[in-house]
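**Student:** A predicted structure for the sequence below; I have some questions about it.
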Amino acid sequence: MNFYAIRAIYLFELARTWRTLLQSIATPVISTSLYFVVFGSAIGSSMTEVHGVSYGAFIVPGLIMLALLTESISNASFGIYMPKYSGTIYEVLSAPVSYLEILIGYVGAAATKSIILGLVILVTARLFVDFEILHPLWMLALLVLTAVTFSLFGFIIGVWADGWEKLQVVPALIVTPLTFLGGSFYSISMLPPLWQTVTLFNPVVYLISAFRWSFYGVSDVNVVLSLGMIFGFLLLCILTVGWIFKTGYRLKS
Amino acid sequence: MTAYVLQTQGLSKAFGGLRAVSDISLSVAPCEVHAIIGPNGAGKTTLISIICGIVNPGTGRVLVDGQDIIKDYRAARSKIGLVPQELVSEGFETVWATVKFSRGLFGKKPDPAYLERVLRDLSLWDKRDAKIIELSGGMKRRVMIAKALSHEPQILFLDEPTAGVDVELRRDMWNMVRGLRARGVTIILTTHYIEEAEEMADRVGVISQGEIILVEDKQALMHKLGKKQLTLQLQQPLASIPAELAGHPLELADDGHALVFTFDAQREHTGIAELLKDLAQRGIDFKDLQSSQSSLEEIFVSLVSGR
C-alpha cells in the first residue's frame, strides 16, 4: 500500500476545503439554517407533531441528509473532475499508485468534508430546535456510510463528466429532487396511498428513514430494509468504479 | 541496474483507425540523453504517455530498469519523472504544496531539505509560497520540472521541454539537463527543435508517422549522413561550370560568385586537392574558402521528407 500517496491525495483535497471555507462549509450551513427558519420555525409552528416528534426536530435528519448527499457528490465529483479538466490527472495516472489508493484518497477526502459538514449542520440545528439522538452510534455509522457511498457516486459522476454542465446535471436534476421528495420535510405516511407506493422507488427515502430512526426511533421504512438498500447502492457504486478503473473509462486512452 | 534503463519492445498503439505508434523498439542506456525527434503528430507524446502509464499500450512491452510497466507498475513508475508538454497545474496551490504533493504521490516520505534543493536549483525557492497561477509561463515550466524531480527519478521524460520558452530559460534547461545527467539521471526528451537535440543528445531517434525510422549516436549520425561542403568565393563570377571541371561534384551559387564542392569527409581522398589543382590550371582564382557540415536539422529533414 502506498500510504504516502493516499496521504498526499487526501491532504491535497482537504486543503481545497480550507482554502474555500466559505463555499465548502459556510454556504451549506447558511442554506440549511434558512430551511430551519422557513420550515422549522415559520411553517413548523403551525404544524402538529409527526410521529410524536415536533416538526422542527423531525426535519433535522432530512436536512442533514440533504446536505450530506449533495456535498458528498459535489466534493467527490469536483475532486476528480478538476485534475481531468486542468490536465494534472497525468500525474496521478503516471504515479506508482493503485486504483484503490487513488479511490481512498479522493473519496476519503470528499467523505471527510461531508461528514464534517453534516456534524456542523447538526450543531447548527441544535441552535434552532431541541432534539436528542436516540442511537448516536448508529447515527454516526449512517452518516459515514452515506457520505462514503455518495462520495463514490460523486467520483463516478466526476469521471463520467466531460464538461461543467454534466458535473452539475446529476446533482441538480436527480439527487436534489429525489432528496426533497424522499421525506426530508414530511413522513411518507402523510402522502396518499398511491404516492406512498411511488415514493418507495426513491432510494433516498431509505436513507432518510434510517437516519431519522437513529435520531428518534421512528421510521417510514423498516430499518433493516433501509440498510440493505444503502449497502446495495454502495455495492453498485463499487462495481461501477471497479469497471471504470479496469477499462480506464474517461481516464486513460 | 540492467544494461538498458528503458526498453520498449514492439510497442504499438492505435486510436480508432489511426496508428499513433507502430512497432517501436527502443533501448536507452543509463545516464544517456536520448532525443526523440519528429514532426508534430509523429507519435512522440503518445510514446511517452504509454511508457509513463498515461495511455494504455495496444501491443508490445515496456521495461523500466528491467521491470514491466504493467506487471511491476509500482517499481517501474517510481523511477520515472515526467514533464509534460502542456503547462498544467493546480493554479490556486502554492509551489511548495504542489511539489510536496508530487513527492508524496510517488510514495516518497517527506524530505523538505531535498525539495528545497530542487526549488533552489530551479530558481524557485523565492516563489515557494506563491500561487502557481501568479507565475509566469517560464516559472510554471520550472514548477513542472520541480514536480517531476520531487521524487528523485532515475529517468526523466521531457516532452517538448522548451516549446514556447525564451532563450534564457532554454539555456537554463539545457544546463539543468547536463547537471542531471552528471548526477546519473537518464533523460529522454522529445522535441521538434533539432537544435535542442543537437545541443544535448547523446543519441537521437527519429520518429515519423508513428515509426522509429532511425536510432543513432548523434555524432555518428551526423558523420554518416551529414554532407560536408567546401565553398569557394570566386574573384570573377562564372556563367557556368567549365566542362573541364565536370568530373568534380560542383554547383554554382551566389549568382556565379561561389563554387560549392560537396565531398565525403570519411573517404581517404576527398578530391579537394585535385579540385584546387584543376582550378589553378584553368586560372580560376578564388579570394576565400570555407567548409561546412550539414546540421542535424538538414539530416532530419532529408530523413523525414524521404519517406
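**Tutor:** Done, it's in.
**Student:** my read: residue B:47 touches residue B:36, true?
**Tutor:** Yes. Here residue B:47 reaches residue B:36: they are 6.9 Å apart, a contact under C-beta atoms under 8 Å. Quick note: C-beta positions are derived from backbone N, CA and C, even for glycine.
**Student:** Quick check: neighbours shared by these two?
**Tutor:** With contacts defined as C-beta atoms under 8 Å, 6 or more residues apart in numbering or on different chains, the residues shared by residue B:47 and residue B:36 are B:190, B:207.
**Student:** Quick check: beta-bridge partners of residue B:18?
**Tutor:** Legend: beta-bridge partners of residue B:18 under DSSP bridges are residue B:15.
**Student:** And the pLDDT at it?
**Tutor:** Residue B:18 is assigned 86 on the pLDDT scale.
**Student:** Please apply the same query to residue B:2.
**Tutor:** 61.
**Student:** And the residue of the stretch 1-150 of chain B found nearest chain A, which helix or strand is it part of?
**Tutor:** At 2.8 Å from chain A, residue B:104 is the closest residue in the stretch 1-150 of chain B, using C-beta to the nearest C-beta. Element membership of residue B:104 [criterion: DSSP states H and E] is helix B:95-105.
**Student:** Alpha carbons of that helix, as PDB, please.
**Tutor:** What follows is helix B:95-105, C-alpha atoms only, in PDB (Å, rounded to 0.1, in the frame of the first residue of the first chain):
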ATOM      1  CA  VAL B  95       4.600  26.000  -5.500                       C
ATOM      2  CA  TRP B  96       5.600  24.300  -2.200                       C
ATOM      3  CA  ALA B  97       2.300  22.500  -1.800                       C
ATOM      4  CA  THR B  98       2.200  21.100  -5.300                       C
ATOM      5  CA  VAL B  99       5.800  19.900  -5.200                       C
ATOM      6  CA  LYS B 100       5.200  18.300  -1.800                       C
ATOM      7  CA  PHE B 101       2.100  16.600  -3.200                       C
ATOM      8  CA  SER B 102       4.100  15.200  -6.200                       C
ATOM      9  CA  ARG B 103       6.700  13.700  -3.900                       C
ATOM     10  CA  GLY B 104       4.000  12.000  -1.700                       C
ATOM     11  CA  LEU B 105       2.100  10.800  -4.700                       C
END
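**Student:** after that helix comes which helix or strand?
**Tutor:** Counting by DSSP H and E, the element after helix B:95-105 in chain order, helix or strand, is helix B:112-121.
**Student:** Tell me the residues of chain B that contact chain A?
**Tutor:** B:15, B:49, B:52-56, B:73-78, B:80, B:82, B:84, B:86, B:88-93, B:97, B:100-109, B:147 (C-beta under 8 Å from any C-beta of the partner chain).
**Student:** Neighbour count says what about these? Which are buried?
**Tutor:** Neighbour-count burial (16 or more other C-beta atoms under 10 Å in any protein chain shown) applied to these gives B:49, B:52-55, B:73, B:76-78, B:80, B:82, B:84, B:88-90, B:93, B:97, B:100-108, B:147.
**Student:** Could you find the closest non-adjacent residue to the residue of the stretch 1-150 of chain B closest to chain A?
**Tutor:** Using C-beta to C-beta, 6 or more residues apart in numbering or on different chains and skipping the chain neighbours, the partner closest in space to residue B:104 is residue A:8 (2.8 Å).
**Student:** thought the one you found was touching residue B:101?
**Tutor:** Yes. If you go by C-beta under 8 Å, residue A:8 and residue B:101 touch, sitting 5.1 Å apart.
**Student:** measure the closest residue to chain B within the stretch 101-250 of chain A to residue A:89 for me?
**Tutor:** Using C-beta to the nearest C-beta, residue A:248 is the residue of the stretch 101-250 of chain A that sits closest to chain B, at 5.8 Å. Separation of residue A:248 from residue A:89 (C-beta to C-beta, to the nearest Å) stands at 11 Å.
**Student:** Look at the two and report which has more neighbours.
**Tutor:** Higher neighbour count among residue A:248 and residue A:89: residue A:89, with 18 against 14, using other C-beta atoms under 10 Å in any protein chain shown.
**Student:** Let's test this: what are the backbone torsions at that one?
**Tutor:** Backbone torsions of residue A:89, given as degrees, to the nearest 10, read phi -60, psi -20.
**Student:** Tell me the pLDDT of the closest residue to it other than its chain neighbours.
**Tutor:** Excluding the flanking residues, the one nearest residue A:89 by C-beta to C-beta, 6+ apart is residue A:83, at 4.1 Å. pLDDT for residue A:83: 90.
**Student:** ok, back up a step: my read is that the residue of the stretch 101-250 of chain A closest to chain B contacts residue B:56, right?
**Tutor:** Yes. Judged on C-beta under 8 Å, residue A:248 makes contact with residue B:56 at a distance of 5.8 Å.
**Student:** hang on, the earlier thing: the residue nearest to residue A:89 and residue A:93 touch, don't they?
**Tutor:** No. Counting by C-beta under 8 Å, residue A:83 stays clear of residue A:93, with 9.4 Å between them.
**Student:** which residues in chain B form helices?
**Tutor:** For chain B, helices defined by DSSP state H occupy the ranges B:44-52, B:73-78, B:95-105, B:112-121, B:137-149, B:167-182, B:194-200, B:218-225, B:272-281, B:296-305.
**Student:** Switch the ones you listed over to CSV; also include mean pLDDT.
**Tutor:** Listed next are the helices of chain B as CSV, based on pLDDT from 0 to 100:
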stretch, mean pLDDT
helix B:44-52, 92
helix B:73-78, 94
helix B:95-105, 95
helix B:112-121, 94
helix B:137-149, 91
helix B:167-182, 86
helix B:194-200, 78
helix B:218-225, 70
helix B:272-281, 87
helix B:296-305, 68
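**Student:** Same list (those) but as JSON lines, adding distance to residue B:261.
**Tutor:** JSON lines is the format used below for the helices of chain B (distance: least, C-beta to C-beta, whole Å):
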{"stretch": "helix B:44-52", "distance to residue B:261": "37"}
{"stretch": "helix B:73-78", "distance to residue B:261": "52"}
{"stretch": "helix B:95-105", "distance to residue B:261": "55"}
{"stretch": "helix B:112-121", "distance to residue B:261": "48"}
{"stretch": "helix B:137-149", "distance to residue B:261": "44"}
{"stretch": "helix B:167-182", "distance to residue B:261": "34"}
{"stretch": "helix B:194-200", "distance to residue B:261": "24"}
{"stretch": "helix B:218-225", "distance to residue B:261": "19"}
{"stretch": "helix B:272-281", "distance to residue B:261": "6"}
{"stretch": "helix B:296-305", "distance to residue B:261": "17"}
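**Student:** Of all those helices, which one comes closest to residue B:10?
**Tutor:** helix B:44-52 (12.0 Å; C-beta to C-beta).
**Student:** neighbouring contacts of that closest one?
**Tutor:** With C-beta under 8 Å, 6+ apart as the test, helix B:44-52 has contacts from A:90, A:93-94, A:253, B:6, B:8, B:11, B:13, B:20-21, B:24, B:36, B:38, B:55-57, B:62, B:64, B:69, B:77, B:80, B:82, B:85, B:157, B:159-160, B:188, B:190, B:207, B:210.
**Student:** Great, nothing more from me.
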